[in-house]
Each structure stands twice: as structure tokens, then as C-alpha cells.
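A.B. asks: Kindly generate the corresponding structure for this input.
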Amino acid sequence: MSAEFATSSANALPLHVLSETALEGWLADQPGAVQAWVKASGFAGGLGQALVVPGAEGAPVMALAGYGSEAARRRSRFHLAAAAAKLPAGDYRIESGLPEDQAATEALGWLLAGYRFDRYREQSPLTARLVAPEGVDAEQITALATGEMLTRDLINTPASDMGPPDLEAAARKLAERHGAQIEVTTGDALLENNLPMIHTVGRAADRVPRLIDMAWGEAGPKLTLVGKGVCFDTGGLNLKPGASMALMKKDMGGAAAVLGLAHMIMATGMEVQLRVLIPAVENSVSGNAFRPGDILTSRKGLTVEINNTDAEGRLVLADALALADEDKPDQIISMATLTGAARVAVGPDLAPYYSDDAAFVSALESAAAGSADPVWRMPFHDAYEALIEPGIADLDNAPKGGFAGSITAALFLRRFVTDSKYAHFDIYGWQPADAPARPKGGTGQGTRAIYAALPALLKP
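C.D. replies: Down below sits the predicted model:
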């Protein structure tokens with residue numbers, strides 16, 4: 001699915017954005033007929049309200065969108081998106097009332113409000129189209145919206161149609177669109193190419209495991225994105241209960257996120273040498289599934305004791321991270337729907353991340369604030385390193401005790417990056433309830449913040 005603005009403002013209906021406090025002053029400057037219509041319609045400038053105002057002959061002459069109160073806006077994002085969904089079909093141009101520093105974010109929200117997952121059922125489209133506001137980078141906003149929609153589509157697609165081969169096909173389609181190079185290592189070739197843990201986790205599935213390796217750009221700093229592509233997670237021999245398996249089609253949310261971010265980067269021509277690594281597997285149950293108590297040897301040579309086969313995401317990421325680190329890029333970023341502990345810590349709306357690089361933290365936090373893409377820093381707490389050291393092997397994939405689960409997972413991953421700057425995002429990848437521009441279902445987290453931070457992070 002792609003996103004687009006209305007192409008011409010010539011016939012677009014003027015749209016006035018009115019907060020609760022601004023409405024009275026705006027009305028005072030309007031003709032009596034407009035004042036009477038607005039008051040009779042009950043429009044009060046509430047967040048998400050929308051109203052079309054007719055002229056003397058009954059045809060629409062303007063539209064109003066409520067912008068609520070400052071307190072209401074702090075508790076939500078994409079404030080115009082709710083109004084967009086209530087406006088009748090047609091093109092609209094912002095006439096007044098929208099703060100200049102919010103124009104890009106609100107325009108993005110309007111485009112995202114048009115997202116529909118219609119692969120399996122026809123959905124009613126958003127018929128109110130926005131003319132790109134003055135002064136915004138319409139091409140960039142469109143790229144951000146299209147990248148986010150790609151992420152949503154991939155996550156929303158069930159595992160029956162989004163297994164490792166399908167995820168590979170999506171990556172190949174994206175590579176072809178942008179002229180990127182792509183190589184895929186599949187099945188037993190993973191062992192031949194020293195990617196043993198990716199092979200071990202995925203070998204029990206009928207659809208064989210693979211590593212997707214995409215590269216784009218010949219100039220600029222080197223950026224490598226690593227996304228967890230567990231297309232379905234049964235838990236393996238440590239089988240999940242049924243209720244915990246219900247959303248496991250989204251366990252490839254990290255892969256979906258990095259592909260969406262890659263589109264944003266490539267579509268806007270960012271000067272960077274981009275590499276995307278996705279270990280794509282299914283964690284299934286069969287006679288050759290890996291077992292609790294097994295000890296695996298990773299690409300990096302570190303041995304890993306398996307204390308829970310349901311902690312498989314960090315295993316496939318570990319081999320991919322070791323491979324990424326060998327190239328010594330300027331920045332490695334991993335994204336994964338990795339732990340339930342992260343959801344307990346910050347809930348579904350925040351993207352928790354790990355970084356010890358002050359420059360990364362500063363750039364990301366600043367970018368997130370202006371991207372309607374909230375993040376929350378978590379600690380690489382060195383004192384917990386002992387929790388991931390079982391004694392019988394170098395590392396433990398599932399420390400006992402249940403404490404600090406997201407932190408210990410991040411510390412585990414950090415062991416596989418020794419020569420590059422590294423940041424890790426433990427995302428949820430799912431919107432649990434409908435919200436403006438964010439329907440229930442798959443969602444990107446952290447990607448727009450990362451995109452906005454990259455120019456500062458990767459400047460020569």
C-alpha cells in the first residue's frame with residue numbers, strides 16, 4: 001500500500017484547524033450565517049471533531065477540524081487524523097490554525113489514517129485527501145508513510161502467507177524497487193556459511209530458515225539494520241500456551257520494521273551505505289527441533305546453553321549481529337519483538353531501546369520528540385552480565401529467576417558486537433486498540449525516530 005497527497009489545491013476545500021480556545025475568536029470574525037451554523041452543529045473545537053460549512057447556495061465553502069485542548073493533545077498524537085476520517089470525500093487544504101511546527105507530523109498522520117489492511121477483505125477507503133501543507137517536505141512524508149504501511153502489511157499478514165520464503169519475497173520486491181543488491185542464504189547453506197544458530201532454530205520447520213542480506217548505497221557512512229524475522233513462534237519444545245501463541249504472527253515485527261525503515265532511507269536517497277540483515281525462521285516443533293539443555297556454538301564462537309527454546313529470537317539475531325560486526329559499520333541497529341518483559345516495563349506504546357553511546361541517545365531522543373514516535377531508553381546494566389553466564393557454556397539464552405528479562409536479552413545480544421557502535425530496540429510491533437492514524441494491528445515503532453536521527457548520527 002502506498003500513500004499520497006492530493007495533487008492540486010485549486011479545487012480543494014479550505015480547512016480551518018481550531019482548538020477549543022481559538023474557536024471563539026475565529027467565530028467572531030465570521031459572517032453571522034457561519035456563526036449560526038457552527039453553533040447549531042455543536043462544533044466546539046474538540047479533538048477529532050469535523051464540520052463542513054455550507055455557503056448561501058448550500059454547497060460546501062469550508063471545513064473545520066477540532067484541535068482540542070493542550071492537555072488532550074498531550075495524551076494523543078496525529079490530532080488531525082481523527083477529523084480526517086469524519087470529513088466527506090474531497091480534497092482539503094489547510095487554511096489556518098495548524099501550528100507550523102506540527103504541519104509535517106499532522107500531514108503524516110493524515111496519510112497514515114488512509115492505511116487499510118485489505119488483503120483478505122475489502123475495506124472502506126479514506127476519501128478525504130489532504131493537499132500537502134506549505135513548507136513541508138511532501139516527498140519525505142510520503143516515504144515515511146509508505147514505509148510504515150509496508151511494516152504494517154508485513155506484520156498483519158498471517159504466517160500462512162508470511163513465512164520465511166514470503167518475507168524473502170517482500171525483501172526482494174523492496175530491493176528491486178530501489179535498485180538494491182540482495183543475497184539469501186538458505187537451509188543447509190547456513191551451516192556451510194557459519195550461521196549455525198539461525199539454522200538450528202529454523203530447522204524443524206517445513207519452510208527452511210534463511211538469512212536475507214540486502215545492500216544499497218555506495219557512499220556515506222555504513223549503517224547496518226538487523227531485524228528479527230521469526231515468522232511464527234510456537235515456543236518450540238517449550239511450547240507456548242494457546243493464548244500466548246495468538247499474536248505470534250507478529251514475531252517478525254523487527255524484520256518488518258527494518259524493511260520499512262530501509263524504504264524510508266532508500267526512497268529519500270539518504271547518503272548512506274545501508275545493509276539490512278534478516279534471519280528469517282519459524283520456531284516449530286518436530287523430531288529435529290532443538291532442545292532445552294542443548295549447547296549451541298554461534299558464528300562468533302561463543303557457546304550458548306539453551307534453557308528455554310522460546311528464547312529463540314536472540315539466537316538468530318546473534319549470528320546476524322556477528323556477521324554485521326565483521327564489516328565494522330559505523331552503526332548497527334537491531335530491532336526485534338524480543339521480550340514480554342519490555343511490554344511489562346513500558347507497555348505497548350513506547351519503543352524501549354538500549355545504547356551506551358551518548359551521541360546516539362541525544363540524537364534519537366531529540367528526533368523522537370518531533371516524529372510522534374516515542375522511545376524510552378533502557379540500561380545496558382553491566383551488573384546483570386553474570387545472569388547470562390551459566391557456567392557450563394559462555395552464555396545462557398534464558399536466565400532463571402525472571403528478573404530484568406529485557407535487559408538480560410539486550411546484554412546477550414551485545415556480546416556479539418565488539419567492533420561497532422550498537423543500539424538495540426525491543427519493540428512490540430502491535431497496536432492493541434484503534435487510535436487516530438494507528439488502527440488495531442501491526443505497527444512500526446522507533447523507525448521514524450531512527451530515520452530522523454540518522455543525519456546527526458552518521459554525519460562524517
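A.B. asks: Model confidence for Asn193, exactly?
C.D. replies: According to the prediction, Asn193 has pLDDT 98.
A.B. asks: my bad, should have said Leu223
C.D. replies: Model confidence at Leu223 (pLDDT) stands at 98.
A.B. asks: C-terminal to the helix or strand hosting it, what's the next element?
C.D. replies: Using DSSP states H and E, Leu223 sits within strand 222-227. Moving toward the C-terminus from strand 222-227, the next helix or strand (DSSP H and E) is strand 229-233.
A.B. asks: so what does the helix ranked longest in the chain touch, helix or strand wise?
C.D. replies: Looking across the chain with DSSP state H, the single longest helix is helix 138-156. Packing partners of helix 138-156 (3 or more Cβ pairs under 8 Å, 6 or more residues apart in numbering; DSSP states H and E): helix 103-112, helix 164-178, helix 253-267, strand 441-442, helix 447-457. Backbone N, C-alpha and C define where each C-beta goes, glycine included.
A.B. asks: on that earlier part again, against which helices or strands is the strand holding Leu223 packed?
C.D. replies: helix 253-267, strand 273-283, helix 313-326, strand 331-336.
A.B. asks: Including mean pLDDT, could the helices and strands packed on helix 138-156 go into a markdown table?
C.D. replies: Converted to a markdown table, the helices and strands packed on helix 138-156 look like this (pLDDT from 0 to 100):
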| stretch | mean pLDDT |
| --- | --- |
| helix 103-112 | 98 |
| helix 164-178 | 98 |
| helix 253-267 | 98 |
| strand 441-442 | 98 |
| helix 447-457 | 96 |
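A.B. asks: which of these is buried the deepest?
C.D. replies: helix 253-267 (a mean of 28; mean count of other Cβ atoms under 10 Å).
A.B. asks: quick one: that helix to helix 313-326, angle?
C.D. replies: 30 degrees (axes from the mean of the first three to the mean of the last three Cα atoms, to 10 degrees).
A.B. asks: Domains of the chain: list them as residue ranges, please.
C.D. replies: In terms of domains, the chain is parsed into 13-136, 142-457 (source: automatic domain parsing).
A.B. asks: Out of those, which is the most enclosed?
C.D. replies: For the domains of the chain, the highest mean count by mean count of other Cβ under 10 Å goes to domain 142-457, at a mean of 21.
A.B. asks: end to end, how far does it reach?
C.D. replies: Using Cα to Cα, to the nearest Å, the end-to-end distance of domain 142-457 comes to 23 Å.
A.B. asks: before we move on, the earlier item: could I get the helices and strands packed on helix 138-156 in a markdown table, plus columns for distance to Gly242?
C.D. replies: Compiled in a markdown table, those are given as follows (distance: least, Cβ to Cβ, whole Å):
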| stretch | distance to Gly242 |
| --- | --- |
| helix 103-112 | 32 |
| helix 164-178 | 23 |
| helix 253-267 | 20 |
| strand 441-442 | 20 |
| helix 447-457 | 31 |
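A.B. asks: wait, which of the ones you listed is closest to Val304?
C.D. replies: helix 253-267 (19.3 Å; Cβ to Cβ).
A.B. asks: quick one: strands adjacent to the strand holding Leu223?
C.D. replies: Note on strand 222-227: by DSSP bridges, its sheet partners are strand 273-283 (parallel), strand 331-336 (parallel).
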